[in-house]
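Colleague: The amino acid sequence is not available; the structure is as follows:
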């Protein structure tokens, strides 16, 4: 039997979809108007904007993809389809919608591929971008193509470098007034120079507050030295406070990749996220960004955005704010001291030893330690070494090879060695030994702890292992069996000359102990963060070059390039690879690909002192740089004079109300970006806000995390993945591949798992609209769901039934009648309009599709019975379907006789009268008992309802011989008769 000639098939869908996509492109259907600039609207819309009558805007974004060479699989577009549905619905609601797509195109994968193949990373990246653009365009996403970008675009790189220079030119003033009652903001570094010169800023207090190490030349000096300092000294001092700075700090060095990594790029197992190579702690000169200065604002402003609570909790935990005291311990007999941070200053009387991390600044050079063990040193403290110097050096080497989770594992036996030093307890003067141990990390707190074994389990284990005393400062319960007591209790053993904490509560004791430390110059209140400054250097080729040069005569001082010299382009090089090493060799250092481009590195520039030779920075920026601000470039993608026009930024991102933080109206993406990308983008945006470049305080107002499409994968007896589409499900519930038994597993979809399904295959077999409807119907958007290719046909059949309501499959003629619809059909139509509209607002697309299927089924029955479907019902149905299956909706709308496209036709509005139930049941009570029921109009008045009830024969029968004292009417559902 031959197929009906006008059936909606994959081939018909392909022709329809390509034709409408071409028309949308030619007509600029999805262009969004800016108030000003190259993408502004018509003169009329400008007048509207001036009169504050411009259309309501909506800015919708996806987390943009990395352009992988393997392209998309059907799991990738889930969020993209959802945002497109929202964008199309918003346009039909009369909104001006900014919706586009960019590509996060710098990064390690492209560079590694270039190294393997010898192909320039730009070549492969641009080919990958073109392929993904094609795949997404074929899906019918309503992007404004004028605004699309890649982070590797030269004009995008220029502004990434410009933002870096703004951060480099800024310091954080924690006392400066800001908007909305906020205190603290970034200010130009020139203002800090001026205030240092006049004495308005005490750099020592500021450095102490922000945990900043001052230059060595300023150690031991005081604030009175600043006002008389030379210009060079002032410059050196101001330089220490920049938000972008170079420092020699402990970094995550990955020899296998030949680069350093941010903390967030290292797995919990202490290996690189990419490549799974071992990562070691090493001290290197690297660029950092002082994100810690924004710790309070990053934390507090989480309450001002509409984000999932789970994501806010993850950011809170990552930022990790703690209130406590910073306590200084002096090293006995040495001109040295170290600080510890504690939230329990009341337990200082129980501190019986201290511990420095192996990477602590005091231990960088173990030769400063004693040459011999002090008298009385216990054998357990020495690590079997002949001297403290040898013991610490050997221990540092062992610690460098361990992952962070290994060092801090609760069940791991504590290790460490004695440094040969003693420190003085600032509350009671006791001398306590100073150890180094790997369970103390340099990246948290101060890299040093006061150990109170009676009230800390880790410290207790260490004390037990190394035969150290335990002094209880909190009385445990009588039934306590030993070990560390971490609960509440009365303070004990906590008194010295001038301070007695015994008998106090813990909170009272903390306040009094901290006040005592402050009064005697041994400490101060302090708030610390788990958050570390952002390591911003990468020893890679494929990244944004830093707009920084160095004078060969002063190679330690970075010199910013003027804006007129941006962008700094990458040089052409023959070898893209950083020098990699044996993955297990921690005693190596980075050698960058750019350092080999000597003609590029050595550059002659005139920076105001005549032409001179300078050396360029040879590190590049991390991939996170471009993704930290691309939401701004979407607004003004052609702007070359400023980062973004103020009028355009205020329109698309500005605060919605007084005290609001503004930001993108809807940002959709995966939960895996809860910390890295979102935290970095918030930091950059806040610096730009402080510096006056934007009016919004947050980049993303509302965040939505979509679930994932997952799939079954299959492995053979060797554990090798086999093609999922060729696996046979046997009747006994087992699975086979080419006759051999295979094992089923459930999880990610991916090329390596041989279970990926390409959207191109779905376009060919079903059409893009079918794929769109299927993915939106699979379940709630925020939950993961399994892919099932065989189930896609169900969505195709739904669209085929919709097609048949309008197009005769045999003749191609319209099957629509202009005769009025009957009441049940009108009611069904308007209930669908109401329900689907509410579901669209709530992003509940699966239930919206269920309601559309219900309406199509209702109309199909009518078509079967009468040979036609009423236009009165069909046209609203097409409009309702339009955001979900836009190509088919456009085609049907055109066949229904409309000349304009469907994309900006007003979304249907339900008639309240047709949403009412036909009747409702009224209950009649006599003497409090239900004696009768009747069906009445839901809008019936109390007077009419009473009359109707009293006229009922059954009611008259019940009331026979009784006197009615009162009738209580609650229209339309209850009438109570009192007799």
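Modeller: It's in. It should be emphasised that the depicted structure is a prediction, and the values quoted were computed from it without experimental measurement. Residues are numbered from 1 along each chain as shown.
Colleague: any idea which helix or strand of the protein has the worst average confidence?
Modeller: helix 43-50 (a mean of 54; mean pLDDT, DSSP states H and E).
Colleague: Could you look up the next helix or strand downstream of that helix?
Modeller: Heading C-terminal from helix 43-50, the first helix or strand you meet, by DSSP states H and E, is strand 57-62.
Colleague: Can you tell me the strand partners of that following strand and which way each runs?
Modeller: strand 96-99 (parallel), strand 666-669 (parallel) (DSSP bridges).
Colleague: Show me which residues of that strand are buried.
Modeller: Across strand 57-62, burial judged by 16 or more other C-beta atoms under 10 Å covers 57, 58, 59, 60, 61, 62. Every C-beta, even on glycine, is put in place using the N, C-alpha and C of the backbone.
Colleague: Go through those and name the one nearest residue 614.
Modeller: The shortest gap between residue 614 and any of the buried residues of strand 57-62 belongs to residue 61, at 38.8 Å (C-beta to C-beta).
Colleague: Need the pLDDT of the closest one.
Modeller: Reading off the confidence values, residue 61 has pLDDT 98.
Colleague: Distance check, it against residue 627.
Modeller: Separation of residue 61 from residue 627 (C-beta to C-beta, to the nearest Å): 11 Å.
Colleague: Equivalent analysis for residue 148, please.
Modeller: Distance of residue 148 to residue 627, computed by C-beta to C-beta: 15 Å.
Colleague: repeat for residue 315
Modeller: Where residue 627 is concerned, residue 315 sits at a distance of 16 Å (C-beta to C-beta).
Colleague: of those two, who's got more company?
Modeller: residue 627 (24 against 19; other C-beta atoms under 10 Å).
Colleague: From what I see, that one and residue 104 are in contact.
Modeller: Yes: counting by C-beta atoms under 8 Å, residue 627 touches residue 104, with 5.3 Å between them.
Colleague: joint contacts of these two?
Modeller: 64, 151 (C-beta atoms under 8 Å, 6 or more residues apart in numbering).
Colleague: which residues of the chain score low on pLDDT?
Modeller: Along the chain, segments meeting pLDDT under 70 span 1-2, 42-54, 405, 443-444.
Colleague: 50 - rerun?
Modeller: 1 (pLDDT under 50).
Colleague: ok, residue 804 - how many residues close by?
Modeller: Residues within reach of residue 804, counting by other C-beta under 10 Å, total 21.
Colleague: what's residue 56 in contact with, if anything?
Modeller: The neighbourhood of residue 56, defined by C-beta under 8 Å, 6+ apart, consists of 94, 95, 96.
Colleague: Ignoring the adjacent residues along the chain, who's closest to the first one?
Modeller: This means residue 94. In space, and not counting its chain neighbours, residue 94 is closest to residue 55: 6.0 Å by C-beta to C-beta, 6 or more residues apart in numbering.
Colleague: do residue 715 as well
Modeller: Leaving aside its sequence neighbours, residue 715 sits nearest to residue 743 (C-beta to C-beta, 6+ apart; 5.2 Å).
Colleague: Surely that neighbour is in contact with residue 712?
Modeller: No: look at residue 743 against residue 712 with C-beta under 8 Å: they stay out of range, at 10.5 Å.
Colleague: Can you pick out the residue with more neighbours from the two?
Modeller: Under the criterion of other C-beta under 10 Å, the comparison of residue 743 against residue 712 puts residue 712 first, with 18 against 13.
Colleague: Let me know the helix or strand that residue 718 is in.
Modeller: Short version, using DSSP H and E: residue 718 is in no helix or strand.
Colleague: and it, how many neighbours?
Modeller: Residue 718 is flanked by 7 other residues according to other C-beta under 10 Å.
Colleague: what's the spacing between it and residue 728?
Modeller: Applying C-beta to C-beta, the value for residue 718 to residue 728 is 19 Å.
Colleague: Please apply the same query to residue 927.
Modeller: Applying C-beta to C-beta to residue 927 and residue 728 gives a distance of 71 Å.
Colleague: do residue 667 as well
Modeller: Between residue 667 and residue 728 the computed distance is 42 Å (C-beta to C-beta).
Colleague: These two: who's more crowded?
Modeller: Taking neighbours as other C-beta under 10 Å, residue 667 and residue 728 compare with residue 667 leading, 25 against 11.
Colleague: check contacts around that one.
Modeller: Contact analysis of residue 667 by C-beta under 8 Å, 6+ apart lists 61, 62, 63, 631, 700, 701, 702, 703, 704.
Colleague: what about the residue lying closest to it once chain neighbours are set aside, neighbour count?
Modeller: Once flanking residues are discounted, residue 667 sits nearest to residue 700: 4.1 Å by C-beta to C-beta, 6+ apart. Residues lying near residue 700 (other C-beta under 10 Å) number 28.
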